[in-house]
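# Sequence first, predicted model second:
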Amino acid sequence: MSITRQNLSVIIVSYRSDHVIKNCIDSIDSEIEIVVIDNSNNFEFKKKIESEYKNVKCILSKKNLGMGAGNNLGIKNVNKDFALILNPDVALENNCLDEIITASKQIENFAIIAPISSKNEYPNYILEKDDNFDPAKPFKVKSVDGYAMLLNLKKLKEIDNFKFFDENFFLYLENEDLCKRIIEINENIYIFPKSKIHHQGGKAVDPKYKNEIEYLRNWHWMWSKFYFNKKHYGYSIALFKVFKNLISAKIKFIYYLITLNTFKRRIYEMRLLGLLSSMRGKNSYYRPKL
């Protein structure tokens, strides 16, 4: 089945994203259904965005679900065959969707496809080792970044006991986990190099909250890194993979404590706390204080 504008929905998980989300929505064809999951539970935002865009439905999540659970809520609220997952700080370049629609007709079997980042120095995919590809044609990859990935919902829902995003991840690596599970069941992930997107990178939340968001990111990056490795490779391997992070965070925490650098000290404190929480088997509980 090929992708069309009629069987495609776009899912955007937002959190204090008023400053960037309109640019994202404006880059999407107005005939395509867009579902926004607002994790800040802002009724005024919902009212404003739905009145301005007739193709947008905003669902208030009631609490901050994070990326994985937020995307799952979006998937539950669409009835199309395909869903394009986007971060609010992403914008589609001209003809992005046209190129996806055209290229999808060339591929018989795919679970995930993704446009390519316009920033060549920051690729949004990981190749298998020593893979060669034609940069003008769709090529298979090991994984794609979660800020722009198109899911073949029809295919994935037909797989027995398949679950979309692991909701234990609040932030980071939920996309890597999904891609890994898809590759393990011999499904395909592709990059469409003629379809391009622009990702601002880390701009999805209003910059006035930048310090608190930086603490959040550091806590959850370390929590997710340990949890991901424990889930797929076991506790011992996970511990080996984060050991350098643990030692580095301890040393830098002490250094910035001595030098009275409050901001840096707090960052490495968050890294330690997130990592230790994950190592102890605790949930990814930390939430921003906004």
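On my side now, so go ahead.
# for the protein, what spans make up the helices?
18-26, 43-52, 66-76, 96-104, 153-157, 174-184, 210-233, 235-258, 262-279 (DSSP state H).
# Could you look over these and pick the most buried one?
helix 66-76 (a mean of 22; mean count of other CB atoms under 10 Å). C-beta here means a position set from N, CA and C on the backbone, and glycine is covered the same way.
# tell me the mean pLDDT over it?
On average, the pLDDT along helix 66-76 is 96.
# Stretch 210-226 too?
In the prediction, stretch 210-226 has an average pLDDT of 95.
# Contacts for it, please.
Residues outside stretch 210-226 that contact it (CB atoms under 8 Å, 6 or more residues apart in numbering) are 169-174, 202, 205, 238-239, 241-242, 245, 249, 263, 266-268, 270-275, 277-279, 284, 286-290.
# just to revisit the earlier point, switch the helices of the chain over to TSV; also include distance to Asn7.
Listed next are these as TSV, based on distance: least, CB to CB, whole Å:
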stretch	distance to Asn7
helix 18-26	20
helix 43-52	23
helix 66-76	14
helix 96-104	10
helix 153-157	8
helix 174-184	20
helix 210-233	32
helix 235-258	40
helix 262-279	39
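# Pull the number of nearby residues for Phe169.
Number of residues near Phe169 (other CB atoms under 10 Å) recorded here: 25.
# got it, and Thr259?
Residues contacting Thr259 under the criterion other CB under 10 Å number 10.
# State the distance from it to Ser248.
Applying CB to CB, to the nearest Å, the value for Thr259 to Ser248 is 16 Å.
# What of Cys179?
Taken as CB to CB, the span from Cys179 to Ser248 is 27 Å.
# returning to what we had before: how about the helices of the chain, which one is nearest Pro193?
The closest of the helices of the chain to Pro193 is helix 96-104. By CB to CB, the value is 8.8 Å.
# just checking, what packs against that closest one?
Contacts defined by 3 or more CB pairs under 8 Å, 6 or more residues apart in numbering; DSSP states H and E place helix 96-104 against strand 112-117, strand 189-199.
# how about 6 Å then?
Contacts defined by 3 or more CB pairs under 6 Å, 6 or more residues apart in numbering; DSSP states H and E place helix 96-104 against strand 189-199.
# And for Leu239, nearest residue in space, chain neighbours not counted?
Met279 (7.2 Å; CB to CB, 6 or more residues apart in numbering).
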